[in-house]
Structure formats: structure tokens, C-alpha cells
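Visitor: Predicted model, plus sequence, below.
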Amino acid sequence: MTATPSLPLIVITGPTASGKTRRAVELAREIDGEIISADSRQVYRGMDLGTGKDMEEYGDVPAHLIDICPAGYKYNLYEYLRDYRNAYDDIVARGKMPILCGGTGLYVESVLKGLTLPEVPEDRELRDSLAGKSLAELTEMLASMKSLHNVTDVDTCQRAIRAIEIQTYYQAHPEAATSATPHPVEGALVIGVDVDRETRRRRISLRLRDRLESGMVDEVRGLLDSGIPPEDLIYYGLEYKFLTMHLTGELTYDEMVTQLEIAIHQFAKRQMTWFRGMERRVPTAPIHWLASTLPSEEFNGKVMELMKEG
């Protein structure tokens, strides 16, 4: 099956630990599809356990936009949309069905909106002027600016400064803001993997412990030993933030585990809030929620029915 004007794209999304990757892989095998990742951290090489790449799940199914940047790099939305379009065009040209899979709501929503962005250069003077401000001050400053595109995961000072940098650039270059006018994708089928709150929390806790036992601390230690500054790993948030804080002596191991587990639960809750808002912001692409507990054959069968309806 290949993309058609009536069905240009299938999206499999949902919160962390919902099992969306496995669902996307099973569907890809069923319909001769290829997966495009919509995960803002799986683009980085060497960041495997912390980002939950689980590459063994893909098997022989091609997956795009994974391991395309070195750890320490600050990949952005402009680059993602550029790389997504290249991957999408390549998949369609070879007669395959593109399946966008991931839980980074900003990426998924921007694709569905058909958003294009100009490249925003680094503003060293602005960054220097913001360097001493707290995250609360930066967040307040960002909230006061006219938002020309959505920002998410602004949970570190570096990310907040980058978001302010982008908004400042747009205000100084209104022609760039105009070029960011979205052109929504018509006919995309969006599937949400629905997992109840208690099951999600249980899966998050079990998965965190599995990854810690599999060597996630050593993974982060190796990244630090390779010369990546601690602040650059903290920038990525969640696992890399808290494990770096542990390895640099700011947190004990037990403090790290407790705080990280809480942060991941909070992140999953924010993801669900994003998806609910996305349904309002992108009315052309409603989310069809399917239970995570469905057997694979039934899950794929329901997706097939929705494909025919579209």
C-alpha cells in the first residue's frame, strides 16, 4: 500500500509507555509501510536506553529519523520538518506507506498542520543577555511574547532561551513568520494508543527500572566521558537531566530515581494534555483512540477499517 491523496499519511501516537512503536511496526508489516520517527530525542546517536529506542522492535521494518545527529547537538523543529519531508518523499517515491510514529506532540502537530519554518540563526548577544535569568523568569518572558508557533518541553533554561530566540527572530523578521503559515495535511489518519492512567504509571515505573538495570547510568557516564558538557545533556531533560545530575554529584542514586520517576509521570500527563489540545488545534486530523490492550490482529483490523472509511 502506498500513500494516496485520500490517505497521505498514517500517524501512530500516544503517551510514553503506551506501546505505540510496537503497534506501528506491526501495522507497517501489514500494509508494507515504513516508519518516520516523531521523537525529539531519538534523533541522537548514543542516546539509546534513555530515549527508549528499542531498535530490536523494528526488525526488518525501515525506520527513519533515528540516530541522525551526534549527542550534544541541539536539533530543532525547523530541521525536523525539513528531514521529515525528505523521508516522506523518499518513502512515497518507492511506493510505500509512510507511518509517523512518536510522542513528541510538537513534531506530530507541526507535520499535520503542514507547517514550514525558516531557519532561525543563533543570536549570541540575546543569549548572553538572558544567561543569568531563572527558568521562571524566562518562561514568563516567553509567555509575554506573541507566539507564532507552539513551543513545548521548555523545561530547562537553554530550551527557554532558544524559544525566546525564535520568537524574537520572528518579531524582527515578519516575512519569516508569514512563511510559517501552515497548510494542513488533508486526509491523514491519526491513531492514538490509549492506555489507562494506572497501567501507564505501572509501565513507566517498570520500564525505568529495566533501563537502569540494563545500563542507563553507564550510557550517560559514557556520554559525559566522551566530552559532552553536563549542561548539554541536562538540556535533553528527563533521563539525561536527572542521571547527569546524579553523576555530577547533585543527586544521590535514590534521589535521582525518585525524582526521575515523578518527572516521567508528569511528562506523560503533559503529553495527554497536548494531544487533547491538538485535536482542537488540528480539526482536520481527529485522533482515533484505540485501546493499548487490544490484540494485535484486532488493533490492525480497526486501523484497516478506518483507512477504508477515509
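Guide: Nice, I can see it.
Visitor: From R200, how far out is the closest residue to W274 other than its chain neighbours?
Guide: In this structure, W274 finds its nearest non-sequential neighbour in G105, 3.6 Å apart by C-beta to C-beta, 6 or more residues apart in numbering. C-beta here means a position set from N, CA and C on the backbone, and glycine is covered the same way. For G105, the distance to R200 equals 16 Å [C-beta to C-beta, to the nearest Å].
Visitor: rewinding a little: backbone dihedrals for the residue nearest to W274, please?
Guide: phi -60, psi -40 (degrees, to the nearest 10).
Visitor: Over to D39?
Guide: Dihedral angles (degrees, to the nearest 10) for D39: phi -130, psi 120.
Visitor: that older thread, tell me which residues touch the residue nearest to W274, please.
Guide: T13, T152, Q271, W274, F275, M278 (C-beta atoms under 8 Å, 6 or more residues apart in numbering).
Visitor: Other residues contacting stretch 222-232?
Guide: G46, M47, A71, G72, K74, Q158, L233, Y240, T244, L247, T248.
Visitor: if you set the cut-off to 7 Å instead, what comes out?
Guide: G46, A71, G72, L233, T244, L247, T248 (C-beta atoms under 7 Å, 6 or more residues apart in numbering).
Visitor: Stretch 65-78 too?
Guide: 36-37, 42-47, 53, 83-84, 87, 106, 110, 117, 119-120, 223, 228, 232, 235.
Visitor: From those residues, which land in strands?
Guide: Among these, DSSP state E puts I36, S37, Y44, R45 in strands.
Visitor: where does the stretch 51-200 of the chain have low pLDDT?
Guide: 146-155, 177-181 (pLDDT under 70).
Visitor: Surely V195 and S292 touch.
Guide: Yes: counting by C-beta atoms under 7 Å, V195 touches S292, with 4.2 Å between them.
Visitor: Overlap in contacts, the two.
Guide: Contact with both V195 and S292 is made by residues S18, according to C-beta under 7 Å, 6+ apart.
Visitor: Assign E250 to helix, strand or coil.
Guide: coil (DSSP: H, G, I helix; E, B strand; the rest coil).
Visitor: Against Y73, how distant is it?
Guide: In this structure, E250 lies at 24 Å from Y73, with C-beta to C-beta as the measure.
Visitor: Same check on Y88?
Guide: Distance of Y88 to Y73, given as C-beta to C-beta: 22 Å.
Visitor: of these two, who's got more company?
Guide: Between Y88 and Y73, counting by other C-beta atoms under 10 Å, Y88 is the more crowded of the two (19 against 14).
Visitor: quick one, strands of the stretch 201-310 of the chain?
Guide: For the stretch 201-310 of the chain, the strands defined by DSSP state E, counting those that start in this stretch cover 287-291.
Visitor: what does the stretch 51-200 of the chain give?
Guide: Secondary structure of the stretch 51-200 of the chain by DSSP E, counting those that start in this stretch: the strands cover 63-64, 69-70, 97-101, 189-194.
Visitor: The longest one - which strands sit beside it in the sheet, and in what orientation?
Guide: Okay, so that is strand 189-194. The strands beside strand 189-194 in its sheet (DSSP bridges) come out as strand 10-13 (parallel), strand 287-291 (parallel).
Visitor: got a list of contacts for the shortest one?
Guide: With contact meaning C-beta under 7 Å, 6+ apart, strand 10-13 is reached by 20, 23-24, 27, 97, 99-103, 108, 188-193, 275.
Visitor: which ones are touching G59?
Guide: V25.
Visitor: Can you pull the phi/psi pair for it?
Guide: Backbone torsions of G59, given as degrees, to the nearest 10, read phi 60, psi -120.
Visitor: likewise the one 3 residues further on?
Guide: Dihedral angles of P62 (phi, psi; degrees, to the nearest 10) stand at phi -60, psi 140.
Visitor: And for S40?
Guide: Torsion angles, degrees, to the nearest 10, at S40: phi -70, psi -10.
Visitor: For burial, what's the neighbour tally of it?
Guide: A count of nearby residues for S40, using other C-beta under 10 Å, gives 22.
Visitor: what do you get for the one 4 residues further on?
Guide: In terms of burial, Y44 registers 24 neighbours under the definition other C-beta under 10 Å.
Visitor: repeat for V11
Guide: Here the count is done by other C-beta under 10 Å, and V11 has 25 residues near it.
Visitor: Kindly report the same for the one 3 residues further on.
Guide: G14 has 27 neighbouring residues, counting by other C-beta under 10 Å.
Visitor: contacting residues around it?
Guide: By C-beta under 7 Å, 6+ apart, the neighbours of G14 are K20, G103, G192, V193, D194, V195.
Visitor: swap the cut-off to 8 Å and go again
Guide: Each residue near G14 by C-beta under 8 Å, 6+ apart is listed here: K20, G103, G192, V193, D194, V195, Q271, F275, S292.
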